[in-house]
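> Could you work out the structure for the sequence below:
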Amino acid sequence: MTKQASPKYAPEVREHAVRMVFEHEGEHASQRAVISSIAAKISCNPKTLRNWVWQAERDQGKRPGPTTDEQERIKALERENRELRQANKILRKASAYFAQAELDRPFKK
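Numbering: from 1, shown residues only. Next comes the predicted model:
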């Protein structure tokens, strides 16, 4: 299993940047312009900030898609599914091994 990279930006920075975008939307022609302006101020890639803003909008019900809580639940279920598949694979192999050992055992009268 690969280790995920730690987030480059602290949650407080993300929240502050998203709040700034929402607060300054009326001052720019589009959300894209606001995001570009704020991203430059916090030395962040505009695409990254856009993802944060869109996720916040999903969490607030303003944009369709899974909320942060739903995404975490999906990840947990996918992890559990992987673990169960691995356990089933191990059990199948063990079952086949013991079945073969039973067949190889001498017959008792």
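> got the contact list for residue 36?
With contact taken as C-beta atoms under 8 Å, 6 or more residues apart in numbering, residue 36 is in contact with residue 46. Every C-beta, even on glycine, is put in place using the N, C-alpha and C of the backbone.
> quick one: what helix or strand has it in it?
Counting by DSSP states H and E, the element that carries residue 36 is helix 31-41.
> Likewise for residue 66?
Secondary-structure element containing residue 66, defined by DSSP H and E: none, the residue being outside all helices and strands.
> Quick one: residues contacting it.
Going by C-beta under 8 Å, 6+ apart, residue 66 touches 58, 74.
> Need the phi and psi values for it.
Here is the backbone geometry of residue 66 (degrees, to the nearest 10): phi -70, psi 140.
> Was I right to think residue 54 contacts residue 63?
Yes: counting by C-beta atoms under 8 Å, a contact exists between residue 54 and residue 63, whose distance comes to 5.9 Å.
> more neighbours, these two?
Comparing residue 54 with residue 63 by neighbour count (other C-beta atoms under 10 Å), the higher total belongs to residue 54, at 16 against 13.
> can you give me the mean pLDDT across the helix or strand containing that one?
For residue 54, the enclosing helix or strand under DSSP H and E is helix 46-59. Averaging pLDDT along helix 46-59 gives 96.
> Any buried residues in it, and which?
Of the residues in helix 46-59, those with enough neighbours to count as buried (16 or more other C-beta atoms under 10 Å) are 48-50, 52-59.
> Next, the angle helix 31-41 makes with it.
Between helix 46-59 and helix 31-41, the angle comes out at 120 degrees (axes from the mean of the first three to the mean of the last three C-alpha atoms, to 10 degrees).
> gap between helix 46-59 and the chain center?
14 Å (C-alpha atoms, centre = their mean, to the nearest Å).
> Output the helix holding residue 36 in CSV, but only the C-alpha positions, please.
Output in CSV follows, covering the C-alpha atoms of helix 31-41 (Å, rounded to 0.1, in the frame of the first residue of the first chain):
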residue,chain,number,x,y,z
GLN,A,31,-15.5,32.9,-10.0
ARG,A,32,-12.5,32.0,-12.1
ALA,A,33,-11.2,35.6,-11.8
VAL,A,34,-11.7,35.5,-8.0
ILE,A,35,-9.9,32.2,-7.7
SER,A,36,-7.0,33.3,-9.8
SER,A,37,-6.6,36.5,-7.8
ILE,A,38,-6.8,34.8,-4.4
ALA,A,39,-4.5,31.9,-5.5
ALA,A,40,-1.8,34.3,-6.5
LYS,A,41,-2.0,36.0,-3.1
